[in-house]
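J.: coordinates only, sequence not included:
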């Protein structure tokens, strides 16, 4: 892609053209040569979107809630992008997302943009590309960006570091109990949406949650709780107002700007680690030494840790 | 710890003393100075345990199944270690594991050893210490090592790379459907345990699973399916026999030795990345440059990716 094509693409993103936005996201996902330049040029354009993370265990009703939230935001004339992280198994083919994409895609509403992406990086964990997709969506000037996670693993927890406000969706009978939740997930939530409020288990879910939250270290701000029934939109409008209100309060306290900075720092550290590893692995001078060390590991003559330390010492001794 | 104390500790591990084993695991978890030497010295002692991974969504009944399997293995006079990964939220305090530990700890059975550990590393994802705990348990000569995951995230999926045989536990109503399963989890399973076989949904679960599996690329070995009801031990003995039989078949085909090698390679690559990052971050000469670049990222003058690339280029230009 030459300079003028790239310039056109950026112009397209600024003009909110779906095709340009989608193309830019693909450039990042495929790690095309122009990705770095693209990111650099759009950087100053972003930073103004409200980034809402929505997470929760499978079966809690995240998708239904998000569909309902989208409608509500759009009826307020807001432009909304949804970044859905880690669609289900390759075998089942991410049908949930496919259905939603079909539902909204047919020119039905120009203010909704949906993209799904895999969360996985080379060595497991979050892919460094995922936060970069947000960077593009911010530049495209969406008022609201929703990060939706399908799974509840570490990669999904990590991506929440890029959100400005996190809503955790829970429902009675999704998973066995609060106990089954991923470590750390309750701690990162700013708002709780207790879904399927018509089910009998809702009172004890709320009781358990309040008990869990009471065990948090003193000084932790108390997260807001909302009871909703996403299937018939009950309480969703109140939840949406609550999210926007919390965002405003946090903005006034400079909390949002701090969170946006933290997200950029996280992404910097993260890119650093990935680039460092791939740069290191690409060095031909280390190939032979590495192969020999791996052989020793396979024969259990050296522990993996010791072999790794030796390779790094060998490398760094030239750099002192 | 001086040489003779370390020698004593290793002797203790070889003599299967619980206290020595527990102490060695703590040395690894705390990353004590003697950890590297310890790992290196016990390396040649391991590699003979059968390492079984047991995973599945919350609520599938993994814990109940594992309790039943432990009893069954122990009644065959086998020594069993359980490494439980990622106990639930710090708020709830990992009560499930605590209960089990109490159940077996009181000298009740010398052939059962249980340890729980966090899965999380510095930057999210699997901690490089977790596979090293296995390295210790192998040296302690356990016949069977069960890796149990509580969550189903990427870190838990990664630790399964260290198992020689993976059993995926599913049950009707745990999560909403197969679709909610973490991407990749079906693909890594060698054996499926369909739990709560007394529930009405079991037939459609099995049908869905067989359909999912039929979509796998041609040549993929067909995993074995077992229906069980872990709460009253129904089918657990058959499952256990199936696991041991599969392990034997895979050994005869040299598959197990390949998997054990792959696990060591994974651990080597993994340690390499962690060591490299911490070594790099510890270099004082980069501190100032890094701070300046981070500032530019915060001001959105540089993308996180570009800033990372610049810092690495700056570093490597001295090493060419």
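T.: Perfect, I can see it now. What you see is a predicted model; the values in this text were computed from it and never measured.
J.: measure residue A:245 to residue A:186 for me?
T.: Distance of residue A:245 to residue A:186, computed by C-beta to C-beta, to the nearest Å: 21 Å. For glycine as for every other residue, the C-beta is placed from the backbone atoms N, C-alpha and C.
J.: oh, I was asking about residue A:248
T.: Using C-beta to C-beta, residue A:248 is found at 24 Å from residue A:186.
J.: Repeat that for residue A:77.
T.: Residue A:77 sits 34 Å away from residue A:186, going by C-beta to C-beta.
J.: Could you do residue A:47 as well?
T.: Counting by C-beta to C-beta, the gap from residue A:47 to residue A:186 is 28 Å.
J.: cool, and residue A:165?
T.: 15 Å.
J.: can you check residue A:61 too?
T.: Look at residue A:61 and residue A:186: by C-beta to C-beta, they are 18 Å apart.
J.: Give me the phi and psi for the nearest residue to residue A:298 once chain neighbours are set aside.
T.: Nearest residue to residue A:298, sequence neighbours excluded (C-beta to C-beta, 6 or more residues apart in numbering or on different chains): residue B:261, at 5.2 Å. The phi and psi values for residue B:261, taken as degrees, to the nearest 10, are phi -70, psi -40.
J.: Any idea how many residues pack against residue B:261?
T.: Applying other C-beta atoms under 10 Å in any protein chain shown, we find 15 residues neighbouring residue B:261.
J.: Would you confirm that it contacts residue A:295?
T.: No. Applying C-beta atoms under 8 Å, one finds residue B:261 not in contact with residue A:295, separated by 10.3 Å.
J.: related to what we said a few turns ago, and the residue nearest to residue A:298, what pLDDT?
T.: For residue B:261, the pLDDT comes out at 93.
J.: Show me which of residue A:77 and residue A:186 is the more surrounded one.
T.: Counted by other C-beta under 10 Å, residue A:77 and residue A:186 do not tie: residue A:186 has more neighbours, with 22 against 8.
J.: so the more buried one is in which element?
T.: helix A:185-188 (DSSP states H and E).
J.: Give the next helix or strand downstream of that helix.
T.: strand A:191-194.
J.: Show me how far the following helix or strand past that following strand is from its chain's centre.
T.: Next in sequence after strand A:191-194, counting helices and strands by DSSP H and E, comes helix A:202-214. Remark: helix A:202-214 is offset 26 Å from the chain centroid, using C-alpha atoms, centre = their mean, to the nearest Å.
J.: so does helix A:202-214 get close to chain B?
T.: Yes. Applying C-beta under 8 Å from any C-beta of the partner chain, one finds helix A:202-214 touching chain B at A:212, A:213.
J.: tell me the mean pLDDT for that helix?
T.: Across helix A:202-214, pLDDT averages out at 87.
J.: just stretch A:150-166 next, same as before
T.: For stretch A:150-166, mean pLDDT is 80.
J.: From one end of it to the other, what's the distance?
T.: Using C-alpha to C-alpha, to the nearest Å, the end-to-end distance of stretch A:150-166 comes to 14 Å.
J.: now residue A:157: how far from chain B?
T.: 7 Å (C-beta to the nearest C-beta, to the nearest Å).
J.: Noted, bye for now.
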